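Participant: Fold the stuff below for me.
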Amino acid sequence: MGFSREEVLQYHIGGKVEMGCKRPLATVEDLCLAYTPGVADAVRAIAADPGAARSYSAQGNLVAVVSDGTAILGLGDLGARASIPVMEGKAVLFKSFGDVDAWPVPLNRCRMGGKDSGPTDPSRVIDMVAALAPMYGGINLEDIAAPACFEIEDRLDEMLDIPVFHDDQWGTAVITVAGVMNYSALAGRAMSELRCVINGAGAAGIRIAEMLKAADVKHVILCDSRGIVTHRREGIAGKKLEHAVDLPVGTVSDALRGAHVFIGVSVADCIKPSDILAMASYPAIFAMANPVPEIDPAVVASALQGKPYVMATGRSDYPNQINNVLGFPFLFRGALDAGASTINMAMKTAASRALADLARREVPAQVQAYYPAEELAFGPCYLIPKPFDRRLFVDVSVAVAEAAVQTGVAMPGADDLTAIRLRLTQRNEERC
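Facilitator: Numbering: from 1, shown residues only. Coordinates of the predicted model:
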């Protein structure tokens, strides 16, 4: 599906988001309630109990979409101002899929008048996000380059009492792990038995490794542009060091011999047909480089010549698209409804399991109607649900909220999961 540059720019004229009012302002009484003198009572209530801001303001359903523009989509470092269309798009997805209000917050890397370029200053971003946090129920970090993104997320998550989530790190990981879970079921191999190779040791690759290990995968080899991340290589540090293995120095081709799962978050055309043929029987290939995957699906099909396999990409024109919109709207929906102070590993893993479980269920006709060219039945070509499956709104969100309650990060009094499910079900019906 292609669009001309003119069509895209026409679509973006005036932006994609605007403010709406949840309360009427049609009478003198409305004015007195919305602002002075009535607003003073809400101010006093929050001053006496800061937690009351969730009830007496938009905070409980509002997420800041924060970026400094250092890693925009596949475009790289183009600055905060250029990131605005992406941040607006993210806000649209939050609202459309998760019924979460979100607002773009692009951050300059310098004081006004200076040049908005150069590497991210983690301390500056952390200070600015901490300063604006009182308005929001959650912080979604977006398009911030590694390695600064790791420090920013970790420190903000420690500092703030609201969820902080870097989607570029965790979004792809949550969806990928859901796909691996269902590959495990199709292949008849336990997660603990899988041998997984990840090519790409940036933000997404490292978090995928963490989530796979949290999901009981015992054998994970991380590779970067120099090959296997091993203790025997000089210069391995930071997050890479946490996932270094005790293997000889080698290439990704060496790592793939006998592997069950290949996960690519790297560069186009870096995997050869011979690499796929060297994998174990019934392999899974998650080639997610965009717009050109690590190996083309047609090349995989030709190499394997009718043998069974699973293929996923980051593209919408192939089956099994690893699309972050399956994750972040519902992770935040569940976290906000539970009043969670963080989005921890248990909540992320719960989202993966809920996605995997939903893909195994019969697909309603109204969902199939969105995808007339595909047969949506659990199997190698349908590992994960489709974004327009409205069941995601309830199933994934409730799973996340339940994990928040079970791990003790939910707000006191927000542990009635039956009530949360009922509210979400009713809300979903109203949205449909």
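Participant: And this protein, what are its domain boundaries?
Facilitator: 12-162, 170-313, 324-431 (automatic domain parsing).
Participant: Residue 5 is nearest to which of the ones you listed?
Facilitator: Proximity of those to residue 5 was assessed by Cβ to Cβ; the nearest stretch is domain 12-162, lying at 10.9 Å. Just so you know, the C-beta spots here come from the backbone N, C-alpha and C atoms, and that holds for glycine as well.
Participant: and that closest one, how far from the chain's centre?
Facilitator: A distance of 17 Å separates the C-alpha centroid of domain 12-162 from that of its chain, computed with Cα atoms, centre = their mean, to the nearest Å.
Participant: what's the answer for stretch 313-325, then?
Facilitator: When C-alpha coordinates are averaged (Cα atoms, centre = their mean), stretch 313-325 and its chain have centres 13 Å apart.
Participant: Give the buried residues for it.
Facilitator: Residues of stretch 313-325 classed as buried under the neighbour-count rule (16 or more other Cβ atoms under 10 Å) are 313, 314, 315, 318, 319, 320, 321, 322, 323, 324, 325.
Participant: From those residues, which land in strands?
Facilitator: Counting by DSSP state E, the buried residues of stretch 313-325 place residue 313 in strands.
Participant: Put together CSV for the buried residues of stretch 313-325, with pLDDT and distance to residue 207 on each row.
Facilitator: Putting these into CSV (pLDDT from 0 to 100; distance: Cβ to Cβ, whole Å) gives the following:
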residue, pLDDT, distance to residue 207
313, 97, 19
314, 93, 15
315, 91, 21
318, 91, 23
319, 91, 24
320, 95, 20
321, 95, 19
322, 96, 13
323, 94, 16
324, 95, 12
325, 96, 17
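Participant: closest to residue 127 among the buried residues of stretch 313-325?
Facilitator: Of all the buried residues of stretch 313-325, residue 324 has the smallest distance to residue 127: 27.2 Å, by Cβ to Cβ.
Participant: correct me, but that closest one touches residue 165?
Facilitator: No: under the contact definition of Cβ atoms under 8 Å, residue 324 does not touch residue 165, with a separation of 11.0 Å.
Participant: need the longest helix for the chain.
Facilitator: Across the chain, the longest stretch assigned as helix under DSSP state H is helix 167-187.
Participant: In space, what's closest to residue 381 - neighbours in sequence excluded?
Facilitator: residue 319 (4.2 Å; Cβ to Cβ, 6 or more residues apart in numbering).
Participant: Next one: the nearest residue to residue 68 once chain neighbours are set aside from residue 291, what distance?
Facilitator: With Cβ to Cβ, 6+ apart as the criterion, residue 68 has its nearest non-adjacent residue at 4.9 Å, and that residue is residue 107. In this view, residue 107 and residue 291 are 28 Å apart by Cβ to Cβ, to the nearest Å.
Participant: Just grab the bridge partners of residue 105 for me.
Facilitator: Following DSSP bridges, residue 105 is listed with bridge partners residue 66.
Participant: Let me have the domains of the chain in CSV, extended by distance to residue 3.
Facilitator: Output for the domains of the chain, formatted as CSV (distance: least, Cβ to Cβ, whole Å):
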stretch, distance to residue 3
domain 12-162, 11
domain 170-313, 14
domain 324-431, 19
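Participant: looking at those, which is closest to residue 2?
Facilitator: Minimum separation from residue 2 across the domains of the chain (Cβ to Cβ) falls at domain 170-313, 11.4 Å.
Participant: okay, now residue 41: neighbour count?
Facilitator: As a burial measure, residue 41 scores 11 neighbours (other Cβ atoms under 10 Å).
Participant: So for the helix or strand harbouring it, mean pLDDT?
Facilitator: Residue 41 belongs to helix 39-48 when assigned by DSSP states H and E. Per-residue pLDDT values across helix 39-48 average out to 97.
Participant: again, but for stretch 198-205
Facilitator: Throughout stretch 198-205, pLDDT has a mean value of 95.
Participant: Show me how far that stretch is from its chain's centre.
Facilitator: Stretch 198-205 sits 14 Å away from the centroid of its parent chain (Cα atoms, centre = their mean).
Participant: Dump the C-alpha coordinates for it into CSV.
Facilitator: What follows is the C-alpha trace of stretch 198-205 in CSV, where atoms were taken according to Å, rounded to 0.1, in the frame of the first residue of the first chain:
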residue,chain,number,x,y,z
ILE,A,198,19.4,-12.3,18.2
ASN,A,199,21.1,-10.1,15.6
GLY,A,200,21.2,-6.5,16.7
ALA,A,201,22.4,-5.5,20.1
GLY,A,202,20.8,-2.1,20.4
ALA,A,203,17.8,-1.2,22.6
ALA,A,204,15.3,-3.6,21.1
GLY,A,205,17.7,-6.5,20.8
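Participant: residues in contact with that stretch?
Facilitator: If you take Cβ atoms under 8 Å, 6 or more residues apart in numbering as the criterion, stretch 198-205 is touched by 146, 149-150, 166, 168-169, 172-173, 208-209, 220-224, 229, 239-240, 243, 252, 262-267, 270-271, 289, 294.
Participant: Now intersect the residues you listed with the strands, please.
Facilitator: 166, 220, 221, 222, 223, 224, 262, 263, 264.
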